[in-house]
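[1] Need coordinates for the following:
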Amino acid sequence: MLDIKHTICPSCSVGCGLNIVSKDGVVVGTYPYKRHPINEGKNCLNGRNSILQFEDSIKKPSFVKNNELEESDNESIIKAIKDQLDSIDANELAIICSGNNTNEEIDRIIKFAEEYGSEKIGFYGYNFPNFFGDVASYDDVYNASTILAIGDIYRDNPLLGRRIVLSKENGAKLINLDDVEKSITSLNADEFIQFKDGEFADKIDALKDQLDENSVIIVNKIDSKEDFALIEGLSKGANAKLLPVFNAPNSKGAMNRLNSLDNDEIKDLIDNSKVLIVVKDNLLDYLSEDDIKGKSFIVNISNEKNRFAELSDIVLPGKFWVEKSGTFTNCEGLEQNFSISAECENDNLSEIEMFDELA
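    Purely as a prediction, here's the structure:
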């Protein structure tokens, strides 16, 4: 018998509703959530493919030796982590969370760090700084007269791209700024501006006369925190609304709680720690192997079977997002609750349970 339950899509920070279809504890598909106010019964390919992570994932807690995972059990792995924590000073522990964690998980991890005495905790914000200013709503995008899209919104965030399409049908002008020669967004833009190294500041400055209080700036990709400051300055100068769009479902929730770190700050965290706990993140998405290899004892809390798992010392798979309840905060600032949408057959602990054990 099929079981259909509602959750929030984990593919990006737009915050679409998603129905998970399972049978006998096995996730077999997705189905659009018709009444969700953000995606209104539509799901993009990213959302539909979100269940592919179940097909090739790490199932058992494992020690890693010579790049090979040797399966163990939760009790042995938790004890090994505790032994490592007992062998170092508090300031030698670093924790990297991610926008894939729920708000509740982040709160628990922060409490653990505080009790342990470590202040070295943050998450990789893909070069976005902590941003607490007002953001544009999706209705603002729909009602805008001019939209400046920085990055490929149509490809990376299709359901937000749909709002742009509807806005264009209402007469809005779409300007796309990117460092690529061609993208889905650039091909659908009324004006495409490509920039090369060293040109970003000039291109941003040249746009100030095209924006006003009826404009919205949407950005999902930046090269540095300094570049974001230029975008924020353009927004304030033109009185245009700003909407940063992040690559993970709860990056905004993480940003509300933790320091958003860039590449250099993550490297510094690793270089100055002896034990590194990484929760639901792949450091090789933004660092090289040389940046992490041999620097710290790495506890990798993740289900992903990848090269980073092979470079870790311990891999502790947690529950998949469909096995959890909690909240994600989307890029619009909306905090959405979701409940367990599938009961998978495994002995994995949730991240909250892991840190309860470690405490």
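
[2] From here on, just use CA atoms for contacts and neighbour counts.
    OK.

[3] which residue sits closest to K293 in space, ignoring its chain neighbours?
    L311 (6.8 Å; Cα to Cα, 6 or more residues apart in numbering).

[4] Enumerate the positions of stretch 114-125 that are buried.
    Neighbour-count burial for stretch 114-125 flags Y116, S118, K120, I121, G122, F123, Y124, G125 (criterion: 16 or more other Cα atoms under 10 Å).

[5] Would you agree the second one falls within a strand?
    When you say that, I think you mean S118. No - S118 is assigned coil when assessed by DSSP: H, G, I helix; E, B strand; the rest coil, not a strand.

[6] measure it to S57 for me?
    31 Å (Cα to Cα, to the nearest Å).

[7] again with the fifth one
    If you measure G122 against S57 using Cα to Cα, the figure is 25 Å.

[8] next one: phi and psi at the residue nearest to K293?
    Here is the backbone geometry of L311 (degrees, to the nearest 10): phi -90, psi -10.

[9] Surely it and D291 touch.
    No - using Cα atoms under 8 Å as the test, L311 is too far from D291 to be in contact (11.4 Å).

[10] element containing D281, please.
    Taking DSSP states H and E as the definition, D281 sits outside all helices and strands.

[11] For it, give me the pLDDT.
    We have a pLDDT of 97 for D281.

[12] next one: V275
    For V275, pLDDT reads 98.

[13] follow-up on the earlier one: mind putting the buried residues of stretch 114-125 into a markdown table with distance to V28 and pLDDT?
    Output for those, formatted as a markdown table (distance: Cα to Cα, whole Å; pLDDT from 0 to 100):
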| residue | distance to V28 | pLDDT |
| --- | --- | --- |
| Y116 | 41 | 97 |
| S118 | 41 | 97 |
| K120 | 40 | 97 |
| I121 | 36 | 98 |
| G122 | 35 | 98 |
| F123 | 32 | 98 |
| Y124 | 32 | 97 |
| G125 | 32 | 95 |
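
[14] mind giving me the domain split of this protein?
    As assigned by automatic domain parsing, the chain contains the domains 62-126+251-320+347-358, 138-244.

[15] mind listing what's buried in the helix or strand bottoming out on mean pLDDT in the chain?
    None of the helices or strands of the chain scores lower by mean pLDDT, DSSP states H and E than strand 26-32, at a mean of 86. Buried residues in strand 26-32, defined by neighbour count with 16+ other Cα under 10 Å: V27, G29, T30, Y31, P32.

[16] Repeat that for stretch 276-284.
    L276, I277, V278, V279, K280, D281, N282, L283.

[17] now it, how far from the chain's geometric center?
    Counting by Cα atoms, centre = their mean, to the nearest Å, stretch 276-284 is centred 12 Å from the centre of its parent chain.

[18] With stretch 48-62 instead?
    On Cα atoms, centre = their mean, the centre of stretch 48-62 falls 17 Å from the chain's centre.

[19] In the sheet, which residues pair with L93? Tell me.
    V275 (DSSP bridges).

[20] where do the strands sit along the stretch 151-300 of the chain?
    173-178, 191-194, 215-219, 241-244, 259-261, 275-279, 297-301 (DSSP state E, counting those that start in this stretch).

[21] which stretches of the stretch 1-150 of the chain form helices?
    45-48, 74-86, 103-116, 138-143 (DSSP state H, counting those that start in this stretch).

[22] Who are the packing partners of the third one?
    Other helices and strands packing on helix 103-116, by 3 or more Cα pairs under 8 Å, 6 or more residues apart in numbering; DSSP states H and E, are helix 251-255, strand 326-329, helix 351-358.

[23] how far off strand 275-279 does the last one point, in degrees?
    Meaning helix 351-358. 160 degrees (axes from the mean of the first three to the mean of the last three Cα atoms, to 10 degrees).

[24] buried sites along helix 351-358?
    E351, I352, M354, F355.

[25] same thing with stretch 34-51?
    So, applying 16+ other Cα under 10 Å, buried residues of stretch 34-51: H36, N39, G41, K42, N43, C44, N46, G47, R48, I51.

[26] As CSV, those residues with distance to S224 and pLDDT would be great.
    What follows is the buried residues of stretch 34-51, written out as CSV (distance: Cα to Cα, whole Å; pLDDT from 0 to 100):
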residue, distance to S224, pLDDT
H36, 34, 92
N39, 30, 91
G41, 35, 89
K42, 33, 90
N43, 31, 90
C44, 28, 92
N46, 26, 91
G47, 28, 89
R48, 31, 89
I51, 31, 83
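
[27] I'd like these written out as JSON lines, with distance to Y154 added.
    Converted to JSON lines, these look like this (distance: Cα to Cα, whole Å):
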{"residue": "H36", "distance to Y154": "20"}
{"residue": "N39", "distance to Y154": "14"}
{"residue": "G41", "distance to Y154": "18"}
{"residue": "K42", "distance to Y154": "14"}
{"residue": "N43", "distance to Y154": "13"}
{"residue": "C44", "distance to Y154": "10"}
{"residue": "N46", "distance to Y154": "12"}
{"residue": "G47", "distance to Y154": "14"}
{"residue": "R48", "distance to Y154": "16"}
{"residue": "I51", "distance to Y154": "21"}
